[in-house]
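1. coords below, sequence missing:
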C-alpha cells in the first residue's frame, strides 16, 4: 500500500529535550516536505527536500532541522523544543516538485505538545 | 508568492443538498495548480481534487467538482448530494512553478452536514 508514515503519532515532551519525528514514504517520491498546522493559520511549510541531500527552508524553519540521506526518509529534528512548537505536524511527499498534477500524499500527522 | 483566502470559517448544509466552499487565490506564477483537501476530525489530510491553471475544463471527482474561474481567481469546491461523512475541515491550496513544490494553504472551512 502506497503511504507516508510518521512516528510518533503523539508526543508530549519538555522544553529543551531534543526530539526527532520520523517520516518515511514507500512510493519512491523525489519530493518531501514538512508542514505544521495551527488553528486559524492552516498548514505552513517548515522545510522541503527535492531529492537526496537537497533540502531548503520553507516559511517557518526556525527551531527545526531536517536531513535527507535516503530517498524514502525525511526526519524532522527539534534540537531544543519550545512551547511555541506545540502543533500538529504533517509530512508529505509527491513524485516531483513541479506545479503539475502531482498530488501530495500526507502522513497521518504527529501531535506534539511541548510543556 | 502565493496566497489563498477562504472566507467561510464555517458552513452548514442539509444532508443530500449541494454546498459550495469558496476559495480565492493570488499568485504571480503563470503556471500553477489548485488543490482541495479534506481533514476529518481524525486529523488526516485527504486529497480531493486538483485543477491545473491551463486546464480548460473544470475538474470533477465523483461528488466533488471544482468551479474554476481564472479571471476572478477563484477555485470553489462544490460537493453534490452531501453526506454526513462530509462533515470535516476543508482546505484549499495552491502551488506554482516558483514554489518548489510548496503548497500554500488557506485557513480552512469547517463543513457540518445536518441529517
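-> Alright, I've got the coordinates. What you see is a predicted model, and the numbers here were worked out from it, not measured in a lab. Numbers count the residues shown, from 1 in each chain, chains lettered A, B, ... in the order given.

2. what does chain B put close to chain A?
-> Within chain B, the positions adjacent to chain A are B:4, B:29, B:31-33, B:35, B:37, B:43-45, B:47, B:50, B:52-53, B:91, B:93, B:95-97, B:99-108 by Cβ under 8 Å from any Cβ of the partner chain. (Each C-beta comes from the backbone N, C-alpha and C, glycine too.)

3. out of those, which are buried?
-> B:4, B:29, B:32-33, B:35, B:37, B:45, B:50, B:53, B:91, B:93, B:95-97, B:99-108 (16 or more other Cβ atoms under 10 Å in any protein chain shown).

4. Mind checking which of those are in strands?
-> Taking DSSP state E as the definition of strands, those contribute B:4, B:32, B:33, B:35, B:37, B:50, B:91, B:93, B:95, B:96, B:104, B:105.

5. I'd like those laid out as CSV, including pLDDT.
-> Converted to CSV, those look like this (pLDDT from 0 to 100):
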residue, pLDDT
B:4, 96
B:32, 90
B:33, 91
B:35, 94
B:37, 96
B:50, 91
B:91, 96
B:93, 94
B:95, 89
B:96, 85
B:104, 91
B:105, 93
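
6. wait, which of the residues you listed is closest to chain A?
-> Of all these, residue B:105 has the smallest distance to chain A: 3.7 Å, by Cβ to the nearest Cβ.

7. For the closest one, which non-adjacent residue is spatially closest?
-> The shortest distance from residue B:105 to any residue other than its chain neighbours is 3.7 Å, reached at residue A:42 (Cβ to Cβ, 6 or more residues apart in numbering or on different chains).

8. Could you tell me the per-residue confidence at the one you found?
-> Looking at residue A:42, its pLDDT reads 89.

9. roughly how far apart are residue A:9 and residue B:44?
-> Separation of residue A:9 from residue B:44 (Cβ to Cβ, to the nearest Å): 11 Å.

10. shared neighbours of those two, which are they?
-> Common neighbours of residue A:9 and residue B:44 are listed as A:108, A:109 (criterion: Cβ atoms under 8 Å, 6 or more residues apart in numbering or on different chains).
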